[in-house]
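Peer 1: Quick one: sequence plus predicted model below, questions after.
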Amino acid sequence: MPRDKTVNHSKIMAAAKEEFMEKGFEKASMRSIADRCGMTAAGIYRHCKDKEDLFYQLVSPAEKKLRAWANDHMQRYEERIQNGSKIIWQDSFIELVKEIVYPNMEDYHLLIEKSKGSKYETFLHDMTEEAQSKISFHFEELKAAGYNITDISERQLHLLMTAYITALFEPVVHKYSYEEAIDTLSTLEKFFLPGWKQLMGI
């Protein structure tokens, strides 16, 4: 019996992913997902509470991987500042996208582009707000440590962070091939990183 449940769950997840990728969260229906996997809607509800929960089961692993990398990145950055390291900059969100996002483009396309109507609808905006808050805090730390930080308002920083993160995820939104995405990433790296380093006085 557990084996059948596992097989059925996999079938539901595959059908749900097809449905959400094709129609987006808002227009997807549980009945259509049931038809895709050859089950009844009642059968699907044994595996999830509702459509929101089904979407969550699909995208939450991708979200958790992204947040785990971002949190580790900020922690490493914090430790280098606190330890007085002369090498502050070792990686960036570009590495996040290269290592975590681009190899799993379809999962992140689902999370970012197909989530309208779900709790993930503002995912990129929320990510930008969180990153801005942490970077603003680190700017103050660097300034206190004697770095020549460029004075910048919160509104200006928000503009830059929005442009930066939006650009990083555009290949995901438009479903670039992995090769195209990595090539684009090289251009973004050349454009954004010197500017960030200049603002941070490093």
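Peer 2: In hand now; what should we look at? Remember, it's a predicted structure, so these values are computed and weren't measured experimentally.
Peer 1: What part of the protein, helix or strand, is modelled with the least confidence?
Peer 2: Taking mean pLDDT, DSSP states H and E as the measure, the helix or strand of the chain with the lowest value is helix 93-96, at a mean of 81.
Peer 1: Contacts for it next, please.
Peer 2: 66, 69-70, 73, 131, 164-165, 168, 185, 188-189, 192-193 (C-beta atoms under 8 Å, 6 or more residues apart in numbering). Placement of C-beta: from N, CA and C, glycine included.
Peer 1: Buried members of these into ChimeraX, please.
Peer 2: Buried residues within the contacts of helix 93-96, as defined by 16 or more other C-beta atoms under 10 Å, are selected in ChimeraX through the command that follows:
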select :66,69,70,73,131,164,165,168,185,188,192
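Peer 1: Okay, and which of the contacts of helix 93-96 map to helices?
Peer 2: Judged by DSSP state H, the contacts of helix 93-96 include 66, 69-70, 73, 131, 164-165, 168, 185, 188-189, 192-193 as members of helices.
Peer 1: and those residues as TSV, adding pLDDT and distance to M200?
Peer 2: Shown next, in TSV, are those (pLDDT from 0 to 100; distance: C-beta to C-beta, whole Å):
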residue	pLDDT	distance to M200
L66	91	23
W69	87	20
A70	82	18
H73	78	15
A131	86	14
Y164	91	13
I165	92	17
L168	91	18
L185	88	21
L188	91	18
E189	88	16
F192	90	12
L193	87	11
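Peer 1: Redo those as JSON lines? Include distance to A15.
Peer 2: Shown next, in JSON lines, are these (distance: C-beta to C-beta, whole Å):
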{"residue": "L66", "distance to A15": "25"}
{"residue": "W69", "distance to A15": "29"}
{"residue": "A70", "distance to A15": "31"}
{"residue": "H73", "distance to A15": "35"}
{"residue": "A131", "distance to A15": "34"}
{"residue": "Y164", "distance to A15": "36"}
{"residue": "I165", "distance to A15": "31"}
{"residue": "L168", "distance to A15": "31"}
{"residue": "L185", "distance to A15": "33"}
{"residue": "L188", "distance to A15": "35"}
{"residue": "E189", "distance to A15": "38"}
{"residue": "F192", "distance to A15": "39"}
{"residue": "L193", "distance to A15": "42"}
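Peer 1: okay, now the domains of this structure?
Peer 2: Domain assignment for the chain, taken from automatic domain parsing, gives 1-48, 59-200.
Peer 1: Let's see the distance spanning the last one from one end to the other.
Peer 2: Distance across domain 59-200, first residue to last, is 34 Å (C-alpha to C-alpha, to the nearest Å).
Peer 1: For G146, which three-state class applies?
Peer 2: Following DSSP: H, G, I helix; E, B strand; the rest coil, G146 is assigned to coil.
Peer 1: Report the central residue of the chain.
Peer 2: Compute the mean C-alpha point of the chain, and by C-alpha atoms, centre = their mean the closest residue is L66, 5.3 Å away.
Peer 1: Test my guess that it contacts V101.
Peer 2: Yes: between L66 and V101 a contact is recorded at 6.9 Å, counting by C-beta atoms under 8 Å.
Peer 1: Common neighbours of these two, please.
Peer 2: Y108.
Peer 1: just checking, K143 touches I149?
Peer 2: Yes: using C-beta under 8 Å, K143 and I149 qualify as a contacting pair, with a distance of 4.4 Å.
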